[in-house]
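Okay, here's the prediction I keep looking at, along with the sequence it came from:
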Amino acid sequence: MTISTGQAVAIGIVYYLGNIGTPWLSLLGSISVVYKPLVAGTLVGFILGDPVQGCIIGAAINLPYVAFISAGGTAPQDPGLAGTVGTAWALAAGVSPAAAVTIALPLGLLGTMIWVLHMTLDVTFVHMADKAAERGDLDKICFLHVVPPQLLMFFLCVVPAAVATYFGSEAVQGIIANLTGTPLHILEVIGGLLPALGIAMNLRAIGRPGTLLFFMAGFVFVVYLKLPVIAVAVLGAVIAYFYTVLSNQPPAEIAGAAGVADDDEEDF
Amino acid sequence: MAEKRKKLSKGDIVRAFWRWTFFSHANYNYERLEATGLVFAYKHIIKKLYGDDEEAYIAAIKRHMQFFNTEPHVGGIIPGIVLAMEEERANGEPVTDEAINGVKTGLMGPFAGIGDTLWQGTLTPILLAFGISIGSQGNLLGPLVYTLLMFGIMFPVAYLCWMKGYELGKDGIEKILGGNQIKMIITGASCMGAIVLGALSAQFVSVKSPAVIVLGALQMEVQTAVFDKLFLGILPLAVTLLTLYMLKNRQMKATTVMGILIIIGAVGGALGIL
């Protein structure tokens, strides 16, 4: 499959729409919807004329980013670029979903450069807004909040993604053909390790007493009891309710349970 | 001082909510994060409350140009509270700059914690797990249902938090800061979040060893004969805990940790032990 210039630009625009903070679909519509390879891959599939295959590949590429978290201004991976350009490459080269994950991984790493660049350059607009604030020019601040940063973001997203899609897809076919045996295996191993980062970042963000004990409980529910995640979530809500109610009692009543809540954070 | 009481209508509050929901991160940056997002959301509010007093008008703008960063949906309760405080202040009540800044800086951390745990740490992976399992069969309902559930759950949550914040702000901030309701919500959210993350770690972190130990005529597969006997999923568990250790105890940057994970994968994969 060859990708036309128009298609490449359209894929770049999908990447832009999913980038964290673009206002067109709300913040939620960016980071939680179009940024996810499951959705981005399907949209790319529509652009390239094969939404079903795009959906399958997007779903596969999404796996390493299932617990992706962006908090406190950081984004350690870029599922958006992996989901858009990665799916386009995979469709163009006609590779299996498993191989798609591995060609998307480097994209997810490279994309973080775009994030750092826009987070840094956007500081300029805040300083301009400071000057407008001195004059009480609220309309100017609102303009500076939306128009210049979004033009910049559009440029930073669409150009690299479209170029990578257009010129990369042919190169990738050659690379994939050579990417067998150990190199492919290594990329698969890395793909299996990466969800740990999102999960650990979430755990760190929680950072409360007992976190690791609850984490272990959830882990055992799945590996030994073979429960699906949704069942664990319901169980988790029940446990959380009782834990909260019990730990909120006056100290005398929970003397026996106090040790459980205190002794865990030291380990990790 | 004001002869007529300035009142924010429900429409004003709702309008600020939508401006926030769509534009909170439009100029997200390393220095002030969501600061201009908040000013953007408050535009019509500031004009209505302080439009007749230039000094107070500029002061209000500058007040919200300060660093602000929280989870924007559940954490939307904070701008909601602040709306009520600004309304009081504009009517000459003794609401100081310190009180407003105190509410913002004091609550943004805790609510970012609750919000991110529930939204990015719990709800999103659950919905994704669901959407991916359907989508990987080539069924377009996977991404569609995922998207509808995400909007259908998070928009009402965000709206309720914002409106509740405004209501709480009118009751007085002592009530918000004094009670232990926030503490209980954090405790509950953290507990549930950690359990779900444990389940996700078991399901999505995939590490296994293809290594085979040969002792004379005896061949032993390391994964099934050793690791699975010790504890099912011991390798994914170890990798997750190691990652957490590097992030939390060694205070490493997320990008550094990812580099280490890549090296582990590359070396382990090349040597045939992973």
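Nice, I can see it. Residues are numbered from 1 along each chain as shown, chains lettered A, B, ... in the order given.

Domain boundaries for the chain, per the record?
No chain specified, so I'll use chain A. In terms of domains, chain A is parsed into A:5-200, A:207-262 (source: automatic domain parsing).

Sorry, I should have been clearer: chain B.
Domain assignment for chain B by automatic domain parsing gives B:10-197, B:208-271.

distance between the ends of the last one?
Yep, that's domain B:208-271 we're talking about. Using CA to CA, to the nearest Å, the end-to-end distance of domain B:208-271 comes out at 13 Å.

Not counting residues beside it along the chain, what's closest to B:Leu8?
B:Glu87 (5.2 Å; CB to CB, 6 or more residues apart in numbering or on different chains). Using the backbone N, CA and C atoms, a C-beta is placed for each residue, glycine as well.

What of B:Leu118?
The nearest residue in space to B:Leu118 (CB to CB, 6+ apart) is B:Ala189, at 5.3 Å.

Go ahead and list the helix or strand containing that neighbour.
Assigned by DSSP states H and E, B:Ala189 belongs to helix B:181-204.

Just list what that helix packs against, helices and strands only.
Based on contacts counted as 3 or more CB pairs under 8 Å, 6 or more residues apart in numbering or on different chains; DSSP states H and E, the elements that helix B:181-204 packs against are helix A:195-206, helix A:211-223, helix A:229-247, helix B:97-116, helix B:124-135, helix B:234-244.

From B:Glu55, how far off is the residue nearest to B:Leu8?
18 Å (CB to CB, to the nearest Å).

So those two - more neighbours on which side?
B:Glu87 (23 against 9; other CB atoms under 10 Å in any protein chain shown).

need the helices for the chain, in chain order.
Because you didn't say which chain, this covers chain A. Taking DSSP state H as the criterion, chain A contains helices spanning A:5-18, A:26-27, A:37-48, A:51-62, A:79-93, A:97-121, A:123-135, A:138-178, A:182-193, A:195-206, A:211-223, A:229-247, A:258-262.

Chain B, not that one
Taking DSSP H, the helices of chain B run over residues B:10-23, B:35-41, B:43-50, B:54-63, B:77-90, B:97-116, B:124-135, B:141-171, B:173-178, B:181-204, B:228-230, B:234-244, B:254-271.

Dump those helices into a markdown table; add mean pLDDT and distance to A:Val222 as well.
Converted to a markdown table, the helices of chain B look like this (pLDDT from 0 to 100; distance: least, CB to CB, whole Å):
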| stretch | mean pLDDT | distance to A:Val222 |
| --- | --- | --- |
| helix B:10-23 | 97 | 34 |
| helix B:35-41 | 96 | 38 |
| helix B:43-50 | 96 | 47 |
| helix B:54-63 | 94 | 48 |
| helix B:77-90 | 93 | 33 |
| helix B:97-116 | 88 | 22 |
| helix B:124-135 | 91 | 11 |
| helix B:141-171 | 94 | 21 |
| helix B:173-178 | 61 | 38 |
| helix B:181-204 | 87 | 4 |
| helix B:228-230 | 86 | 15 |
| helix B:234-244 | 94 | 10 |
| helix B:254-271 | 90 | 21 |
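
Give me whichever of those helices is most buried.
With neighbours taken as mean count of other CB atoms under 10 Å in any protein chain shown, those reach their highest mean count in helix B:35-41, at a mean of 27.
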